[in-house]
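Peer 1: Model the following, please.
(one chain, ligands or ions: 1)
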Amino acid sequence: MDRKNFLNSLSGGLALTCVSCMMAACEKDSTPVDGGPTPDVSLDLSTQLTGVGDFVAINSIIVVRTATGNQASSFKAFSNVCPHQAGTISYDKTSTVFTCATHGATFNQSGSVTKGPATSNMTTRIVTVTGTKLTV
Ligand code: FES
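Peer 2: Have a look, this model is predicted:
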């Protein structure tokens, strides 16, 4: 085998190896658990978020109950990563305001910017409620 053929066979092998690695990575991320991907947040509404205004901050997500009833529309969920420069956002139940600790941007309960320097709204997450189980 000459040098050119050797290099061609080597690069083909690497490409197959890379494709194989990428496929394995994709398979890992999409492997269903109990019929779907593992949620970032899973809460029991019989013991958590029982009152309007209650919130949970877990796995970089903030979930707030905004209304009574166990349906998805009674909750808001957002990433706690600030859209300005990725500072950490926290929630104040009393004022119902989200505040970024890094530069002080604030957001209302809908995740809309109410004070800069952030110019984009918070990133919303989809809430699903089945019975008393809430997942994000
Ligand atoms: S990182 Fe949040 S206001 Fe700057």
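Peer 1: Give the closest residue to Asn70 in space, chain neighbours not counted.
Peer 2: The spatially closest residue to Asn70, leaving aside those adjacent along the chain, is Leu45, at 5.1 Å (C-beta to C-beta, 6 or more residues apart in numbering). Heads up, the C-betas are built off the backbone N, CA and C, glycines and all.
Peer 1: just Ser74 next, same as before
Peer 2: Counting by C-beta to C-beta, 6+ apart, the nearest residue to Ser74 once its immediate chain neighbours are dropped is Ala67, at 4.2 Å.
Peer 1: got the contact list for the one you found?
Peer 2: Remark: with contacts taken as C-beta atoms under 8 Å, 6 or more residues apart in numbering, Ala67 is in contact with 52, 73-74.
Peer 1: Quick check: the gap between it and the ligand.
Peer 2: When C-beta to the nearest ligand atom, to the nearest Å is the yardstick, Ala67 and the ligand sit 27 Å from each other.
Peer 1: what do you get for Asn59?
Peer 2: Relative to the ligand, Asn59 is positioned 19 Å away (C-beta to the nearest ligand atom).
Peer 1: Residues of the chain that sit close to the ligand?
Peer 2: Taking C-beta under 6 Å from any ligand atom as the measure of proximity, the chain contacts the ligand at 82, 84-85, 87, 100, 102-103, 105, 117-118.
Peer 1: export these to JSON lines and tack on pLDDT, neighbour count and secondary structure?
Peer 2: Formatted as JSON lines, the residues of the chain next to the ligand follow (pLDDT from 0 to 100; neighbours: other C-beta atoms under 10 Å; DSSP: H, G, I helix; E, B strand; the rest coil):
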{"residue": "Cys82", "pLDDT": "98", "neighbour count": "23", "secondary structure": "coil"}
{"residue": "His84", "pLDDT": "97", "neighbour count": "18", "secondary structure": "coil"}
{"residue": "Gln85", "pLDDT": "97", "neighbour count": "12", "secondary structure": "coil"}
{"residue": "Gly87", "pLDDT": "97", "neighbour count": "18", "secondary structure": "coil"}
{"residue": "Cys100", "pLDDT": "98", "neighbour count": "24", "secondary structure": "strand"}
{"residue": "Thr102", "pLDDT": "98", "neighbour count": "15", "secondary structure": "coil"}
{"residue": "His103", "pLDDT": "98", "neighbour count": "13", "secondary structure": "coil"}
{"residue": "Ala105", "pLDDT": "98", "neighbour count": "24", "secondary structure": "coil"}
{"residue": "Pro117", "pLDDT": "98", "neighbour count": "13", "secondary structure": "coil"}
{"residue": "Ala118", "pLDDT": "98", "neighbour count": "22", "secondary structure": "coil"}
